[in-house]
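K.L.:
any chance you can model this:
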Amino acid sequence: FKNISKEELVVPAAMTQLASVRDFIEAIGKKYKISPKIVNSFKLVVDEACTNIIRHGYQNVKDGKITIRAIMRRLSVTLVIIDKGKTFDPRQLRNPDLDQYVKIGKKGGLGILMMRRLMDDIQYNITAEGNELRLTKTRDAAVESSISAYYNSMSLRRKFFLFTCLGMFLVTAIAYFAVVPSVKSNVQKNLFADVRAIAQDFAKTNYELLREEQDLILAENAKSIQQNRPDLVQRAMIARQDWEIIAVYPFDREMINQKLLIDELTVMESDSQITIYESEVDGRLCYYFIAPVRPETGDIDPIGYALLQVDDEHIQNKIAGENVRWIVFLGILMFGGILGIGWMVTQITKPFHRLAEWVRQVARGQVDQEEIDIDARDEIGEIAQA
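P.N.:
Okay, the predicted model is just below:
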């Protein structure tokens with residue numbers, strides 16, 4: 001169902017008002033993009049009808065009124081002429097004999113013929129408002145784009161399904177973009193927590209070994225830490241109090257006995273247990289988790305440091321993997337919702353299809369409507385009963 005547009009003009013029943021009526025029709029044509037051919041046809045016919053009302057319907061009547069009501073539909077335009085004068089149905093007159101008119105030289109009397117030739121439908125009714133002459137002219141459908149034409153050709157079920165699919169897609173997209181920021185922060189937070197715990201255990205394990213300068217065992221411990229979590233820890237190191245590296249895995253001879261340039265690193269987080277630095281190594285962003293090596297009891301200066309290097313690329317890969325999991329989850333949820341809604345729309349529209357088929361069968365006389373027991377407790381039943 002689509003809304004129609006209406007315009008109305010009320011004028012005194014006087015010949016001087018015919019120009020206002022023609023201007024009204026002209027304005028309607030411009031406003032609603034009605035073709036000039038249809039506008040001119042209406043101007044001729046309405047002018048003739050109003051003239052007859054003024055001369056005959058309101059003969060010897062003062063203060064008569066004529067109402068012109070325009071009704072614009074997608075494929076038609078209707079002008080309704082309403083008056084309260086004498087009743088006259090133009091449909092009752094026969095078409096005049098044009099040959100006879102020419103033969104006798106008669107002038108006028110061709111208004112009814114003109115109405116019938118120019119209009120596609122003429123209706124006359126007596127209503128509470130008065131005498132009502134309805135003049136209808138069909139119009140060409142507005143030129144539509146291919147997308148609009150395709151959409152208008154779709155069934156109601158497909159339109160509902162299309163809108164629900166778009167709705168589910170938008171909801172899924174909003175949910176995804178709402179989740180993405182928290183995914184990134186949560187993944188990084190959880191990975192940092194894991195590395196913090198590993199670094200603290202690494203520092204506690206190596207206190208006695210570092211104090212006794214057991215460099216070989218320190219190197220084995222560094223190897224064990226890195227190999228236990230190769231996906232997370234890129235490099236494990238032990239440094240003395242002056243930041244001289246004495247154990248590293250994977251082994252790098254150039255790093256042994258070299259001092260870590262701690263002042264060139266940027267502090268991200270720091271507390272009494274661990275400090276997290278960030279720096280670029282070979283053009284890649286890396287994080288250093290550094291835990292002081294000291295006894296578990298007593299707040300004394302550390303005798304060295306346990307260092308774990310984590311590559312940011314690993315963190316980004318974890319974040320990307322988590323995003324993929326969310327995409328898969330939301331995608332399954334979206335397609336499941338679409339299938340469910342599609343099934344529901346089918347179930348809702350199925351009774352309407354059955355109702356339409358039943359109405360067609362009744363119209364063709366294939367089914368006696370009196371033999372049908374209609375349950376009017378739901379909406380479909382109400383429509384069928386109506």
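K.L.:
show me the contacts for F161.
P.N.:
Applying Cβ atoms under 8 Å, 6 or more residues apart in numbering to F161 gives the contacts 341-342, 345. For the C-beta atoms, the positions are set from N, CA and C on the backbone; glycine is no exception.
K.L.:
in JSON lines: these, plus neighbour count, pLDDT and secondary structure.
P.N.:
Converted to JSON lines, the contacts of F161 look like this (neighbours: other Cβ atoms under 10 Å; pLDDT from 0 to 100; DSSP: H, G, I helix; E, B strand; the rest coil):
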{"residue": "I341", "neighbour count": "17", "pLDDT": "82", "secondary structure": "helix"}
{"residue": "G342", "neighbour count": "16", "pLDDT": "82", "secondary structure": "helix"}
{"residue": "V345", "neighbour count": "18", "pLDDT": "78", "secondary structure": "helix"}
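K.L.:
what's the closest of those to I81?
P.N.:
Closest approach between the contacts of F161 and I81, by Cβ to Cβ: V345, at 45.1 Å.
K.L.:
how much space between the closest one and P230?
P.N.:
52 Å (Cβ to Cβ, to the nearest Å).
K.L.:
wait, which of the contacts of F161 is closest to N3?
P.N.:
Closest approach to N3 among these (Cβ to Cβ): V345, at 24.2 Å.
K.L.:
contacting residues for the residue lying closest to L330 once chain neighbours are set aside?
P.N.:
Nearest residue to L330 in three dimensions, chain neighbours excluded: T172, at 5.0 Å (Cβ to Cβ, 6 or more residues apart in numbering). By Cβ under 8 Å, 6+ apart, T172 lies in contact with 330-331, 333-334.
K.L.:
quick check: the gap between T172 and E322.
P.N.:
Distance, T172 to E322, using Cβ to Cβ: 17 Å.
K.L.:
and the contacts of F161 as TSV, adding distance to G130?
P.N.:
Shown next, in TSV, are those (distance: Cβ to Cβ, whole Å):
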residue	distance to G130
I341	51
G342	52
V345	47
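K.L.:
from these, which single one is nearest D120?
P.N.:
V345 (37.9 Å).
K.L.:
separation between that closest one and C165?
P.N.:
For V345 relative to C165 (Cβ to Cβ), the value is 10 Å.
K.L.:
cool, S182 as well?
P.N.:
S182 is 27 Å from C165, by Cβ to Cβ.
K.L.:
so which of the two has more stuff around it?
P.N.:
C165 (16 against 10; other Cβ atoms under 10 Å).
K.L.:
ok so the more buried one is a helix residue?
P.N.:
Yes: counting by DSSP: H, G, I helix; E, B strand; the rest coil, C165 is found in a helix.
K.L.:
helix, strand or coil for the residue nearest to it when sequence neighbours are not counted?
P.N.:
Nearest in space to C165, with sequence neighbours left out and distances taken as Cβ to Cβ, 6+ apart, is I338 at 5.4 Å. Of the three states, I338 takes helix according to three-state DSSP.
K.L.:
residues contacting I338?
P.N.:
Neighbours of I338 in contact, by Cβ under 8 Å, 6+ apart: 164-165, 168.
K.L.:
reformat those as CSV; add pLDDT.
P.N.:
Below are these laid out as CSV (pLDDT from 0 to 100):
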residue, pLDDT
T164, 82
C165, 84
M168, 86
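K.L.:
how about those in a markdown table, adding distance to L216?
P.N.:
What follows is those, written out as a markdown table (distance: Cβ to Cβ, whole Å):
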| residue | distance to L216 |
| --- | --- |
| T164 | 68 |
| C165 | 66 |
| M168 | 62 |
